[in-house]
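Enquirer: predicted model and sequence below, questions to follow.
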Amino acid sequence: MAGVSAAASIQDALRDQRVEGIVESLFRNNEILGEFPSRPFTGGATINITHHYAGNTSVSTYDEGDAVGQAGSQSYLTASWPAQYYKGVISFTGHAQDQLRNGDPQAAFYDQIGQEMERIIPDMIHKISTDMLGTGLTAPVGIQGICDSAGTIAGLSRTTYTWFQAFEGSSLTSSTAITVNDIDYAMASGADDPYEGNVTEIWTSWLQLRKYKAAVGNAGVANAPVQFPVGPGPQAIGVANIGDVREGGWVGQTPIKAKRGLTNTIWLGLTKGTFFVGDMRDWTVDELAKNDDSTRFLVTRAVGLGCADPRKNWKMTGYSQT
């Protein structure tokens, strides 16, 4: 075919009609780091918390003329919370730098090298957050491991030191569907002796939050045990507010938060003031020595989830995902 054609002859002159910018299509978890206060490591490999766990055993009744008996003393023990080290490595060749012209818009639609530097931090946060939402008993410690009644955590066996156990229960119904009674059971048990919890937030998955909303009752469903306000809207007309699962939920004055990445079959009751994020090393970027034409950087961070008093928290397990 003579003349200019779109099939072949304009390819060298045509600039791709690419839309400027990048659409983020990768989910990265960042559900936990901002939830708890940071506590710096002040030396050593762990953050150490001293626990008073037993009173003076000489305390007793006595009658006139009884011998004084042996003296007793208070008992103390240390829980040691570790950090986990995280790393990421960035590398780009000299050829790539030359051809991308360091992100010059005349050479590239976006600064790919700069994006590598910028986006590795969310990648590492995703890994940190996923670990902290998990069941780890040793570094990396997970929140499900803390809110548990078994295993050794922070160097203390919860079989030996039962006062280090969180309250743990399971579904109260054969259907394993979440009910209001399940949450009441956990809240009452966790507040009673010996746990003395004062749960300030309840965490669960988005799936379980939806199921709980259905258990509490949805407005507009026959015989649903739910009360709902009228509003917003003109007061003469009113709009029925049936509630939006994305707004979370409440148990009395205690909020329920849905957490992406949390196991789909559990509920956690957290006394949030007991938790902390141990900060061993802040974000650090070091250039590595060259062994070819590539430039390389090492990005590191060291953090760990800890809890000053695990017994003040609870976990309920075994709930249906259907």
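Expert: Everything's here; your move.
Enquirer: can we go C-alpha only for contacts and neighbour counts from here?
Expert: Noted.
Enquirer: now do the same contact list for Met124.
Expert: Taking Cα atoms under 8 Å, 6 or more residues apart in numbering, we find Met124 in contact with 86-88.
Enquirer: from these, list just the buried residues.
Expert: Those of these that meet the buried threshold are Tyr86, by 16 or more other Cα atoms under 10 Å.
Enquirer: which of the contacts of Met124 sits closest to Thr160?
Expert: For these, the residue nearest Thr160 by Cα to Cα is Tyr86; the value is 32.0 Å.
Enquirer: wasn't that closest one part of a helix?
Expert: No - under DSSP: H, G, I helix; E, B strand; the rest coil, Tyr86 falls outside any helix and is assigned strand.
Enquirer: what residues are bridge-paired with it?
Expert: Note on Tyr86: beta-bridge partners by DSSP bridges are Arg301.
Enquirer: am I right that it is in contact with Leu298?
Expert: No - taking contacts as Cα atoms under 8 Å, Tyr86 lies outside contact range of Leu298: 10.4 Å.
Enquirer: picking that back up, between the contacts of Met124, which sits nearest Thr274?
Expert: Tyr86 (24.3 Å).
Enquirer: dump the residue contacts of that closest one.
Expert: Counting by Cα under 8 Å, 6+ apart, the residues that Tyr86 touches are 124, 128, 300-302.
Enquirer: now Leu33
Expert: Counting by Cα under 8 Å, 6+ apart, Leu33 touches 129, 277.
Enquirer: before we move on, back to that, turn the contacts of Met124 into JSON lines, including pLDDT and distance to Ala214.
Expert: Below are the contacts of Met124 laid out as JSON lines (pLDDT from 0 to 100; distance: Cα to Cα, whole Å):
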{"residue": "Tyr86", "pLDDT": "98", "distance to Ala214": "40"}
{"residue": "Lys87", "pLDDT": "98", "distance to Ala214": "42"}
{"residue": "Gly88", "pLDDT": "97", "distance to Ala214": "43"}
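Enquirer: tell me the one among the contacts of Met124 nearest to Thr265.
Expert: When the contacts of Met124 are compared against Thr265 (criterion: Cα to Cα), the nearest one is Tyr86, at 28.2 Å.
Enquirer: can I get the worst-scoring helix or strand of the chain on mean pLDDT in CSV, CA atoms only?
Expert: Sorting the helices and strands of the chain by mean pLDDT, DSSP states H and E puts helix 94-100 at the bottom, at a mean of 83. Provided in CSV are the C-alpha atoms of helix 94-100 (Å, rounded to 0.1, in the frame of the first residue of the first chain):
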residue,chain,number,x,y,z
GLY,A,94,23.4,2.1,34.4
HIS,A,95,21.7,1.3,31.0
ALA,A,96,18.3,1.8,32.6
GLN,A,97,19.3,5.1,34.1
ASP,A,98,20.6,6.3,30.8
GLN,A,99,17.5,5.3,28.8
LEU,A,100,15.0,6.6,31.4
